[in-house]
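S.K.: Turn this into a model:
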Amino acid sequence: MSREPTMHSPISSDRPTDPLRHVRRTSRLMVWACWALILLLPAALVGYWAVAGGEQLAGHANLPASAIGAPLQPWQRLAGALVMGLPLALLLVGLWQAKRCFEQFAQGRVFTEQATELLRRFAGWVAAAALAAIVASAATSVLLTLHNPPGLRHLALGIGSDHLFTFFFAGLVWLMAAVIGQGQALAEENERFV
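M.R.: Residues are numbered from 1 along each chain as shown. Model (predicted):
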């Protein structure tokens, strides 16, 4: 008994009909992740500054744990949260740009000028947030030690590996957006000749 050849190949039957299906699905998840971060990060910042001990807050301001000589006043916590909220606000604007970009991807609009511009904006806002974090940390060191006696107040400036990695990441995304934009321009130029 001979077997008849079938028209269906196991490889081709497993392939999705929409080549962007995985990108669309993952992008929809990323939209939700961006929303979650946009909503949760400000609440986490406020909660952290409300309950964290002076030693923990000193560490985030590049200060030794013993640098805060007097108990923190409520206004110091509020001012510190506001100052540290600036880099967070810049990061949230970047996340908003990323969310909009993922919305484009979820609709199947991957290699578009708008998606490329949103990636560039995301990278720019993330880099701005990293720079603002360095400045905000220095300002926070002054706020936290303001009630210390003269000679024991601090201005601490620090650039850590987290800042450097954030700058690298922003530069990487910016470069990828530039490459995608260049590819779009070449594709449009080729379409004009065909």
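S.K.: rest of the way, CA atoms for contacts and neighbours
M.R.: Fine.
S.K.: Please, where are all the helices along the protein?
M.R.: 10-14, 21-51, 54-60, 74-106, 113-144, 161-193 (DSSP state H).
S.K.: what comes up buried for the last one?
M.R.: Along helix 161-193, these residues count as buried under the neighbour rule (16 or more other Cα atoms under 10 Å): 163, 166-167, 170-171, 173-174, 176-178, 180-181, 184.
S.K.: just how off-centre is it within its chain?
M.R.: Relative to the chain's own centre, helix 161-193 is displaced by 17 Å; criterion: Cα atoms, centre = their mean, to the nearest Å.
S.K.: Over to the second one?
M.R.: Using Cα atoms, centre = their mean, the distance from the centre of helix 21-51 to the centre of the chain it belongs to is 10 Å.
S.K.: now for that helix, which elements pack on it?
M.R.: For helix 21-51, the elements it packs on are helix 74-106, judged by 3 or more Cα pairs under 8 Å, 6 or more residues apart in numbering; DSSP states H and E.
S.K.: Now do stretch 175-193: everything it contacts.
M.R.: Stretch 175-193 has contacts (Cα atoms under 8 Å, 6 or more residues apart in numbering) with 111-113, 116-117, 119-120.
S.K.: pull the CA atoms of that stretch into PDB?
M.R.: Taking Å, rounded to 0.1, in the frame of the first residue of the first chain, the C-alpha atoms of stretch 175-193 are listed here in PDB:
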ATOM      1  CA  LEU A 175      21.300  54.700  16.600                       C
ATOM      2  CA  MET A 176      18.900  51.900  15.900                       C
ATOM      3  CA  ALA A 177      16.200  54.500  15.100                       C
ATOM      4  CA  ALA A 178      18.700  56.300  12.800                       C
ATOM      5  CA  VAL A 179      19.500  53.000  11.000                       C
ATOM      6  CA  ILE A 180      15.800  52.200  10.600                       C
ATOM      7  CA  GLY A 181      15.200  55.700   9.300                       C
ATOM      8  CA  GLN A 182      18.000  55.300   6.800                       C
ATOM      9  CA  GLY A 183      16.500  52.000   5.600                       C
ATOM     10  CA  GLN A 184      13.200  53.700   5.100                       C
ATOM     11  CA  ALA A 185      14.700  56.400   3.000                       C
ATOM     12  CA  LEU A 186      16.500  53.800   0.800                       C
ATOM     13  CA  ALA A 187      13.300  51.800   0.400                       C
ATOM     14  CA  GLU A 188      11.400  54.900  -0.600                       C
ATOM     15  CA  GLU A 189      14.100  55.800  -3.000                       C
ATOM     16  CA  ASN A 190      14.100  52.300  -4.600                       C
ATOM     17  CA  GLU A 191      10.300  52.400  -4.900                       C
ATOM     18  CA  ARG A 192      10.600  55.600  -7.000                       C
ATOM     19  CA  PHE A 193      12.900  53.900  -9.500                       C
END
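S.K.: Since that was my last question, I'll sign off now.
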